[in-house]
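**Student:** Got a predicted structure here, sequence first:
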Amino acid sequence: MNDEAKRKQLRKYKAFATGLFLLMAALFIITTILQKTNDSHWVGYVRAFSEAAMVGALADWFAVTALFRHPLGLPIPHTNLIENSKQKLGDNLGSFVVNNFLSPQNIRPYIQKLKISNFVGEWLSKEKNQGILIQNMSDIVLDILNKLDDSSVSHFISKKVSEMTDDIKLNKIVGNGIGYILEKNDHQRIITNLSKQLKEYIIENDEMIQKRVKEGSYSFIPSFVDNKIADKIASGLSDFFKEVEGDPEHEIRNLITKKIHDFSVDLKEDPKWEDEFKNIKNDLLKGEKLDEYSSDIWVSIKKTLKDELQQDHSSLKIYLSKNLNEFSQNLKTDESLQNKIDHWVRVTAYKYILKNTHQFGDLISSTVGNWQGKELSEKLELEVGKDLQFIRVNGTLVGGLVGLIIYTISHFFL
């Protein structure tokens, strides 16, 4: 029922209770007049009943009215109780709710019934809901991106990069990287490929070798001898690199491996390499250069994010939708995940409610306390006023019966 319907109902029952009082008043007047001319016994009984009923009706009317306002507008002490005691009423109501509804033993059964994982899974499985969620997330992120100060973000990135690189030992990183390649034996593919390339280069450039041999030979040596020597050199070199290419255990491979290993150890342990890499790092990451790099990085990231978030079917939104689908399916089928999420929700809700029960009480207390006194009285009267009118009705009838009994006893026994 809305407030208007409640007001109509309250007026109806007030009129009924008042009408019953007026009826008793009319009976009292009529019987009082009749007693002067009529000696019938029933007149006295009716008069006693109506007289006591009027007293009962007026007493209960005063009691009910005193709860919500001053009777007849007179500032009688201990009336208009609700308005005068609204703060105490709010405090008591808040304490009552906290102690009787938010106690651990009362909320635990309801918390244990919480099963939010299925609900979330069903909700997320609907394409419309996914679209709403992704759009809202996109709007929030876009709003944040638009409000961010680009220079501040760039400075933040620059500062963090500078802080992180201060403690980085590039020589050790490079040395460990080379050591990892050696450990995985990946350098052998480089040696194999390099040997193959050198072999093919020598075969394809035998004329260049002959020319170099002739240039370095004496003039009295015949050309055919120089050519023969050049052929032998080219053939020997190509055969050597062919052997290296085809033999995983070739001596030159072991030598190269040892040299690379020694170099990686030297990189990590020799202080000169630490200084060399530090100089390179400082040169590449000078203050102005680092600021420029950071600005370019942030501008690129921001532009990419905005483009992705503004497009309806961007890669990012497709990726988010795919993951939401997978997550919703897991929520509906994976019992282990369901139990983990539901347990977390229950524990968190239980702890939060118990931790903040006093705030619920304070909220009720402050809300009731901040109401205007007249407004509070009207609200409560609308809710319970109808039932209170029956107190008036009962007071009228009970008062009349008591008066009748007293009259009867006094008439027959006194």
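**Tutor:** Received, thanks.
**Student:** so H187 makes contact with G177?
**Tutor:** No. With contact defined as C-beta atoms under 8 Å, H187 does not count as touching G177 (11.5 Å). Every C-beta, even on glycine, is put in place using the N, C-alpha and C of the backbone.
**Student:** These two: which is more packed in?
**Tutor:** Ranked by neighbour count (other C-beta atoms under 10 Å), H187 and G177 place H187 first, with 17 against 12.
**Student:** if you skip the residues just before and after it, what's nearest to that one?
**Tutor:** Among residues not flanking H187 along the chain, I181 sits closest, at 5.4 Å (C-beta to C-beta, 6 or more residues apart in numbering).
**Student:** where's the one you found, which helix or strand?
**Tutor:** helix 170-183 (DSSP states H and E).
**Student:** What helices and strands are in contact with that helix?
**Tutor:** Contact here means 3 or more C-beta pairs under 8 Å, 6 or more residues apart in numbering; DSSP states H and E; on that basis helix 170-183 packs against helix 251-269, helix 271-284.
**Student:** For K199, find the nearest of the ones you listed.
**Tutor:** For the helices and strands packed on helix 170-183, proximity to K199 was assessed by C-beta to C-beta; helix 251-269 is nearest, at 13.1 Å.
**Student:** Now do the closest one against helix 271-284, angle only.
**Tutor:** Helix 251-269 runs at 70 degrees relative to helix 271-284, counting by axes from the mean of the first three to the mean of the last three C-alpha atoms, to 10 degrees.
**Student:** Do you know the pLDDT at E249?
**Tutor:** Looking at E249, its pLDDT stands at 86.
**Student:** And for S138?
**Tutor:** As predicted, S138 sits at a pLDDT of 90.
**Student:** helices or strands next to the helix or strand that L337 is a member of in the packing?
**Tutor:** Using DSSP H and E, the element containing L337 is helix 335-355. Other helices and strands packing on helix 335-355, by 3+ C-beta pairs under 8 Å, 6+ apart, are helix 104-112, helix 116-125, helix 315-333.
**Student:** roughly how far is it from the heart of the chain?
**Tutor:** Centre-to-centre, helix 335-355 and its host chain are 14 Å apart (C-alpha atoms, centre = their mean, to the nearest Å).
**Student:** From here on, call the first residue 53.
**Tutor:** Got it, first residue is 53 now, which makes that one helix 387-407.
**Student:** Contacts made by that helix with the rest, please.
**Tutor:** With contacts defined as C-beta atoms under 8 Å, 6 or more residues apart in numbering, helix 387-407 is touched by 154, 156, 159-160, 163-164, 166-170, 172, 382-383.
**Student:** Assess the claim that the residue nearest to H239 and Q240 are in contact.
**Tutor:** No. I233 lies out of contact with Q240 (C-beta under 8 Å); the separation is 9.8 Å.
**Student:** For stretch 370-379, list every residue counted as buried.
**Tutor:** 372-373, 376, 379 (16 or more other C-beta atoms under 10 Å).
**Student:** list the contacts for E303?
**Tutor:** Taking C-beta under 8 Å, 6+ apart as the test, E303 contacts no residue whatsoever.
**Student:** go again using 10 Å as the cut-off
**Tutor:** 295-296 (C-beta atoms under 10 Å, 6 or more residues apart in numbering).
**Student:** Ok, K355 next?
**Tutor:** Contacts of K355 by C-beta under 10 Å, 6+ apart are L197.
**Student:** And the helix or strand hosting it, how far out from the chain middle?
**Tutor:** Element membership of K355, judged by DSSP H and E, is helix 339-362. With C-alpha atoms, centre = their mean as the basis, helix 339-362 stands 28 Å off its chain's centre.
**Student:** what do you get for stretch 288-296?
**Tutor:** 68 Å.
**Student:** for it, which positions count as buried?
**Tutor:** In terms of neighbour count (16+ other C-beta under 10 Å), stretch 288-296 has its buried residues at 289-290, 292-294, 296.
**Student:** For T83, give me its contacts.
**Tutor:** T83 is in contact with 90, 94-103, counting by C-beta under 10 Å, 6+ apart.
**Student:** starting at the chain centroid, how far to the helix or strand harbouring it?
**Tutor:** Element membership for T83, per DSSP H and E: helix 55-87. Averaged C-alpha coordinates place helix 55-87 at 58 Å from its chain's average position (C-alpha atoms, centre = their mean).
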